[in-house]
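> Just a sequence and a predicted model for now, questions to come.
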Amino acid sequence: LEDQALRQAAASLVEVREEELADETLPPAPRKALKSMRTPWEGLTLFVDYPQIPMDNNESERRLRNPVVGRKNYYGSGSIWSGLLTAATFTIFQTLLLNHIDPQKYLLAYFEAGAENGGRPPENIESFLPWNLSAQQKAVWRYPRSSP
């Protein structure tokens, strides 16, 4: 029933859009916005056929908020290497979070392994990839922490 209701609502949006575009008194700004919906309509309604796709991108926008707000600070004094380092760091953090791994615990273990290796990256870098972690490492580094 919910699927049918959603499909009917999407179809009625198309009808309303076309009715409003047919109105000669419609101001230019809303006309432009309504016309812009025509081309990507299939993409805008992809969530109807694929429920695993979210209806909005709020999660993506929330994840971009910190890098966007802090970007001038992260770029240091305008150096390109600093911006690249920041992008790589955020990529690592998001990969860890997507794999339910606490970035702070992960980095602490990584830096300790580097210190034990004479200040160089750990010999077996593959062992630090989230998909190669042992069950014990995943349990110790779990994020968010489970209640006892």
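Yep, that arrived. Residues are numbered from 1 along each chain as shown.

> Please, where are all the helices along this protein?
Counting by DSSP state H, residue ranges of the helices within the chain are 2-22, 28-36, 41-44, 46-49, 58-74, 80-98, 103-116, 135-140.

> got CSV for these, with mean neighbour count too?
All C-beta spots, glycine's among them, are computed from the backbone N, C-alpha and C. As requested, the helices of the chain are arranged in CSV below (neighbours: other Cβ atoms under 10 Å):
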stretch, mean neighbour count
helix 2-22, 11
helix 28-36, 11
helix 41-44, 11
helix 46-49, 13
helix 58-74, 11
helix 80-98, 13
helix 103-116, 14
helix 135-140, 12
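
> contacts for the lowest-mean-pLDDT helix or strand in the chain?
Of all helical and strand segments in the chain, the minimum by mean pLDDT, DSSP states H and E falls on helix 58-74, at a mean of 73. Residues outside helix 58-74 that contact it (Cβ atoms under 8 Å, 6 or more residues apart in numbering) are 82-83, 86, 90, 94.

> quick one, which of the helices of the chain is nearest to Glu123?
Among the helices of the chain, the nearest to Glu123 by Cβ to Cβ is helix 103-116 (8.4 Å).

> From the contact counts, what lies against that closest one?
Using 3 or more Cβ pairs under 8 Å, 6 or more residues apart in numbering; DSSP states H and E, the elements in contact with helix 103-116 are helix 80-98.

> Could you list every helix and strand in contact with the helix it packs on?
helix 58-74, helix 103-116.

> mind putting those in JSON lines, distance to Glu126 included?
Listed next are those as JSON lines, based on distance: least, Cβ to Cβ, whole Å:
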{"stretch": "helix 58-74", "distance to Glu126": "27"}
{"stretch": "helix 103-116", "distance to Glu126": "12"}
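
> To Phe128, which of the helices of the chain lies closest?
helix 103-116 (5.7 Å).

> quick one: that closest one to chain centroid distance?
Here helix 103-116 shows a centroid-to-chain-centroid distance of 25 Å under the convention Cα atoms, centre = their mean, to the nearest Å.

> Alright, I will stop here.
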